[in-house]
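Colleague: Sequence first, then the predicted structure:
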Amino acid sequence: MKKRFFVFITAVIVITCVLVGLTNWSRADGSGALPGSELDPIVTKSYVDYIAATLRTYFEEAISRKAESQFRVVSLHPGQRLVGNQGTEIILRSGRAIAVTSSSGGLSDITRGADIKENEPIPTNHLLIIPRSDGRGLKAETEVIIMIRGEFSVE
C-alpha cells in the first residue's frame, strides 16, 4: 500500500515538472511575444496620445465652465442700467434698483415665484433670471451692489 502511494506521488510530481518545463520552454524559445513588448503592445502610442489630448481638452473646458459659472460682484452708480442676456442670474445685495423689462415680459423672481414688472422695485437677496436677450435688466436708483452670473452689459 505504501509503495503504491509512493509511486503515485512520484508520478504526479514528474508529470507536474514536465508540464511546467514545457510551458517555460515555449516561452524561452522566443516563439511568442511577451505581453506589452514592441511585438505585442497592449496599446499603441497614437492611442495614448489621442486619449491624453481628449482628456486635456475635457479638463480645460471644465475649468473654463467653472470660471464662467461663478457669481461676480458688480457695482452700479445711480442711473446706470444693467442689461443681461438670456439666462443671466442677478442677486441685488445692497441699494435700490428698479426692473427694466420688455414687451415680452418682466424679470423672473425665482425666490418669490413671481414676475417683476416694469419699474417695480427689485427685492434684495432674491434670485432673478433674465429669460430672453431682449433688453431686460435693472436700473440703479442708488449705489447698488449686485452679484451676477452670465453675460451682461452696463449702460
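Modeller: Perfect, I can see it now. Since the structure is predicted, the reported quantities are computational estimates derived from the model, not experimental observations.
Colleague: Grab the most central residue of the chain for me.
Modeller: The C-alpha lying nearest the average C-alpha coordinate of the chain belongs to residue 62 (C-alpha atoms, centre = their mean; 4.5 Å).
Colleague: Could you confirm it falls within a helix?
Modeller: Yes - assignment of residue 62 by DSSP: H, G, I helix; E, B strand; the rest coil places it within a helix.
Colleague: Okay, now the unreliable bits of the protein?
Modeller: Scanning the chain for pLDDT under 70 picks out 1-2, 7, 21-37, 40-41, 67-68.
Colleague: Swap in 80 and give it another go.
Modeller: The model of the chain has pLDDT under 80 over residues 1-12, 14-45, 47, 63-69.
Colleague: Residue 9 and residue 20: what is the separation?
Modeller: Distance check for residue 9 against residue 20: by C-beta to C-beta, to the nearest Å, it reads 17 Å. (C-beta placed from N, C-alpha, C; glycine too.)
Colleague: actually residue 81, sorry about that
Modeller: 85 Å.
Colleague: ok, these two, which is more surrounded?
Modeller: For residue 81 versus residue 20, the count of surrounding residues by other C-beta atoms under 10 Å is larger for residue 81: 16 against 10.
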